[in-house]
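In: From the sequence below, what's the structure:
(one chain, ligands or ions: 2)
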Amino acid sequence: MSLTDIKSLSREALEAQFKTWDEPVYRAAQLLDWLYLRRVTTWDAMTNLPKTLREKLRAEYSLQTLELARKQGAHDTTQKFLWKLADGAFIESVLIPANPALYGEASDRHTLCISTQVGCAYGCKFCASGLDGWKRNLDVHEIVEQILSVERWGETQANAAERETLGEPAKPVPGNSRLVNNIVVMGMGEPLANYDNLIAALKILNAPWGGGIGARKITISTSGLAPQIRRLAVEPLQFRLAISLHGATDEVRNRIMPVNKKYPLRELTAACDDYQKLKGRMITLEYILIAGINDSLEQTRPLATLAKRLFAKVNLIPYNTVEDLPWKRPDEATCEAFLAALEDQKVTATLRREKGHDIDAACGQLRLKTEREIVAQAAAEAAGPPEAAV
Ligand code: SAH
Ligand code: SF4
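Out: Ligands and ions are numbered 1, 2, ... in the order given. Here you go, the predicted structure:
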């Protein structure tokens, strides 16, 4: 049986474990410091912990990191990380330099978009993440590690830059920077379908002893799992909520999002109403603009009605084309007209204008591409070298 990873544990759980080992409580604080502040990747690096304690930890827990399989995107632009997990599965995280028009407050910082599952079971017709179905939920530490791994990568970048300016070898200074200030749970998978691991991971990322990222700087996106939205509404932490709406009528949503058959708009909006009432927080409605599907100006009327009822703001996102899928993004004029029509109806709305196309920015695309390449390569290898062919 595989070991529980140390980064799946809350502080309380860790302290309870140390108590059973008759270790003083301050040892737990030291360990957390190594894990989340210094972000070390081996037990041996934890030099202020007695060797015997390190051995006990090693025997009881794993200390896994993510292996960077691929990276796309230039420095200071959107960068996409493809991670290989311990079982060989792939997931993605996307690092986005601050854009005031996106989530959270304006800042000169970075947002990391993280994954919560390998694949997705919800099968939205336009999305690459669901194309090959659902494989498994991410464990708590695999969600947490996405932030830590990107921050470790950020450190090596900072050190390389420093080395260049100073003309000397830079010393590694682990833990000296927090690269990620905002999290959006909008990568691969449906976060609310992996509810318990998601919340446990976000609590670690939010805790002052963990990631130290404010709950208000964490946005969870869902395709519309009404019962879990209600659960989220009674969580003590004030996460932000984004709903992947993409259609303001059941007719449109049923065409592109199978989840709408299970939780039609009436049910989804009732759950959002409750969330809004309990939390008193603004919800964001995500609306991908897909040519000929949901981009006609008539659609702005039910969308505006919904947004006003939920006190929600609308994020319009021109569709990113996905290999093998027929959907297209509307032209710029159509997107701008859609935005203007919403604004005319007194809805707070934004339109994403940057080019995500460059690096397959929509969720699931890099992973799909890599998995398909690996499958093709394996098939080629199985077929044997060309000279072996008759
Ligand atoms: N499963 C969750 C979170 C992950 S998807 C959800 O659906 O909300 C994150 C967002 O990316 C969703 O709003 C999703 O609809 C959107 N998305 C998926 N494929 C896309 C594409 N090709 N172009 C633009 N946005 C896309
Ligand atoms: Fe899953 Fe979200 Fe993609 Fe739909 S949009 S298939 S829920 S990841």
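In: domain ranges for this structure?
Out: For the chain, automatic domain parsing gives the domain ranges 4-62, 67-376.
In: and the longest strand anywhere in the chain with ligand 1, contact?
Out: Secondary structure of the chain read by DSSP state E shows that its longest strand is strand 90-97. No: if you take C-beta under 6 Å from any ligand atom as the test, strand 90-97 misses ligand 1, and the best it gets is 10.3 Å. For the C-beta atoms, the positions are set from N, CA and C on the backbone; glycine is no exception.
In: picking up where we left off before, return the member of the domains of the chain having the minimum mean pLDDT.
Out: Lowest mean pLDDT within the domains of the chain: domain 67-376, at a mean of 88.
In: re earlier: okay, now the sheet partners of the helix or strand just after the longest strand of the chain, with direction.
Out: Sequence order places strand 110-113 as the next helix or strand after strand 90-97, per DSSP states H and E. Using DSSP bridges, strand 110-113 pairs in its sheet with strand 90-97 (antiparallel), strand 180-185 (parallel).
In: Can I get strand 110-113 as PDB, trimmed to CA atoms?
Out: What follows is strand 110-113, C-alpha atoms only, in PDB (Å, rounded to 0.1, in the frame of the first residue of the first chain):
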ATOM      1  CA  HIS A 110       0.700  36.100 -10.600                       C
ATOM      2  CA  THR A 111      -2.300  33.800 -10.700                       C
ATOM      3  CA  LEU A 112      -1.900  30.100 -10.900                       C
ATOM      4  CA  CYS A 113      -4.600  28.000 -12.600                       C
END
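In: Name the next helix or strand following that strand along the chain.
Out: Next in sequence after strand 110-113, counting helices and strands by DSSP H and E, comes strand 117-119.
In: Which helix or strand contains residue 148?
Out: Taking DSSP H and E as the criterion, residue 148 maps to helix 140-166.
In: And the helices in the stretch 251-390 of the chain, which stretches?
Out: 259-262, 265-279, 300-309, 332-344, 365-383 (DSSP state H, counting those that start in this stretch).
In: Now do the residue nearest to the spatial centre of the chain against residue 198, distance only.
Out: Closest residue to the average C-alpha location of the chain: residue 114 at 1.9 Å, with C-alpha atoms, centre = their mean. Residue 114 is 10 Å from residue 198, where distance means C-beta to C-beta, to the nearest Å.
In: list the residues that contact both of the two?
Out: Residues touching both residue 114 and residue 198 (C-beta atoms under 8 Å, 6 or more residues apart in numbering) are 143, 185.
In: quick one: which of the strands paired with strand 110-113 is nearest residue 48?
Out: Among the strands paired with strand 110-113, the nearest to residue 48 by C-beta to C-beta is strand 180-185 (26.0 Å).
In: what residues does the closest one touch?
Out: The contact list for strand 180-185, computed with C-beta under 8 Å, 6+ apart, reads 95, 98, 102-104, 107, 109-114, 116, 147, 150-151, 191, 198, 202, 205, 211, 213, 217-221, 242.
In: Buried among these? Make that a PyMOL selection.
Out: Restricted to buried positions by 16 or more other C-beta atoms under 10 Å, the PyMOL selection for the contacts of strand 180-185 reads:
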select buried, resi 95+98+102+103+104+109+110+111+112+113+114+116+147+150+151+191+198+202+205+211+213+217+218+219+220+221+242
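In: for ligand 1, what are the nearby residues on the stretch 201-350 of the chain?
Out: Contact residues, the stretch 201-350 of the chain versus ligand 1 (C-beta under 6 Å from any ligand atom): 221, 222, 223, 244, 286, 288, 317, 319, 320, 322.
In: before we move on, the earlier item: check which helices and strands the helix holding residue 148 sits against.
Out: Contact here means 3 or more C-beta pairs under 8 Å, 6 or more residues apart in numbering; DSSP states H and E; on that basis helix 140-166 packs against strand 79-84, strand 90-97, strand 110-113, strand 180-185, helix 195-206.
In: any chance of the helices of the stretch 251-390 of the chain in a markdown table, with distance to residue 73 and mean neighbour count too?
Out: Output for those, formatted as a markdown table (distance: least, C-beta to C-beta, whole Å; neighbours: other C-beta atoms under 10 Å):
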| stretch | distance to residue 73 | mean neighbour count |
| --- | --- | --- |
| helix 259-262 | 30 | 17 |
| helix 265-279 | 33 | 17 |
| helix 300-309 | 32 | 18 |
| helix 332-344 | 23 | 16 |
| helix 365-383 | 10 | 14 |
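In: Looking at the ones you listed, which is nearest to residue 249?
Out: helix 300-309 (5.4 Å).
In: The closest one packs against which elements?
Out: Other helices and strands packing on helix 300-309, by 3+ C-beta pairs under 8 Å, 6+ apart, are helix 265-279, strand 284-289, strand 313-318, helix 332-344.
In: Could I get the buried residue list for the second one?
Out: Neighbour-count burial for strand 284-289, counted by 16+ other C-beta under 10 Å, picks out 284, 285, 286, 287, 288, 289.
In: Might one say that the third one is in contact with residue 244?
Out: Yes: contact criterion C-beta atoms under 8 Å: residue 286 and residue 244 qualify, at 4.7 Å.
In: any shared contact partners between these two?
Out: Shared contacts of residue 286 and residue 244 (C-beta under 8 Å, 6+ apart): residue 221.
In: gap between the two ends of stretch 55-67?
Out: Stretch 55-67 has an end-to-end distance of 24 Å (C-alpha to C-alpha, to the nearest Å).
In: just stretch 198-217 next, same as before
Out: One end of stretch 198-217 to the other measures 15 Å (C-alpha to C-alpha).
In: what about it, near ligand 2?
Out: No: figure legend: stretch 198-217 not in contact with ligand 2 (C-beta under 6 Å from any ligand atom); closest approach 13.4 Å.
In: Could you check that stretch and say which residues are buried?
Out: Within stretch 198-217, the residues that count as buried by 16+ other C-beta under 10 Å are 198-206, 209-211, 213, 215, 217.
In: Could you identify the pair within those that is furthest apart?
Out: The most widely separated members of those, counting by C-beta to C-beta, are 198 and 209 (19.4 Å).
In: that older thread, also within reach of ligand 2: list those from the buried residues of strand 284-289.
Out: By C-beta under 6 Å from any ligand atom, no member of the buried residues of strand 284-289 lies near ligand 2.
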